[in-house]
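In: What would the 3D arrangement of this be:
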Amino acid sequence: MDDAAGVVLAGGQSRRMGRPKAALAANDFEGRTLLCDRVALLAQVVDRVWVSLPFGATAAPDAIIDAVPHPGPLAAIDAALARLESAGRQWLVVLAVDMPGVPLALLWRLYRAQRVAGVALAQHPQGRLEPLVSCWHVDARPVVSRCLAEGQRAVRAALAALPTTLVPVDHEDAGWLVNLNTPADWEAWRRGRV
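Out: This is a model prediction of the structure:
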């Protein structure tokens, strides 16, 4: 995807988990954290990966640090779209750090599904949308920025104002979209019970 870049969203507060999700072990074999694992996955499809980090995090060349405490994922997507625009790229592949089941195949499907200057996003088997596994066109940024300026923090606010393409995930692949929010979720994932 030479016209795309990726961002791993790792700026959440991890309140229910009780510790930063990005630092959790991705598996018992390689010793990688969830953050390293998700960055490595995105790096298989794009040559530029940024990491969205919380306010106060240490600056790094590929970090996008929240400008204020706890702004939410929409602000992180806005900042990444701004970086995308500066880099002269067209598409932004978005992946939440706490979704360790998302495979390479789904990222490719999102990218290939994108036909309009909007958003392609994964859809759970039950029909629920997953905006944090998505592919955004750079032209979506004015809508995202406007939503933020109006005080909207939910990604769904921007989606309502943009053309969207849904990429359904089948029931047998439902584990792709598992989100780890609590220690029990993480433990179940590690034991293969999700």
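
In: what are the ranges of the strands in the chain?
Out: Listed in chain order, the strands of the chain (DSSP state E) span residues 4-9, 49-53, 63-65, 91-96, 119-123, 129-137, 164-168.

In: what's the least confident stretch among those?
Out: Ranked by mean pLDDT, the strands of the chain bottom out at strand 63-65, which scores a mean of 88.

In: how near is residue 159 to residue 123?
Out: Separation of residue 159 from residue 123 (Cβ to Cβ, to the nearest Å) stands at 12 Å. (Each C-beta comes from the backbone N, C-alpha and C, glycine too.)

In: tell me the most buried of the strands of the chain?
Out: Comparing the strands of the chain on average neighbours per residue, with mean count of other Cβ atoms under 10 Å, the densest one is strand 4-9 at a mean of 27.

In: which residues are in contact with it?
Out: 35, 38-39, 42-43, 45-52, 64, 73, 76-77, 80, 83-84, 87, 89-97, 111, 132, 135 (Cβ atoms under 8 Å, 6 or more residues apart in numbering).

In: please redo it, this time with the cut-off set to 7 Å
Out: Where contact means Cβ atoms under 7 Å, 6 or more residues apart in numbering, the residues beyond strand 4-9 that reach it are 35, 38-39, 42, 46, 48-52, 64, 73, 76, 80, 84, 87, 89-97, 111, 132.

In: Also stretch 41-55?
Out: Stretch 41-55 is contacted from outside by 1, 4-11, 35, 39, 62-66, 68-69, 76, 79-80, 83, 87, 93, 95, 104, 107-108, using Cβ under 7 Å, 6+ apart.
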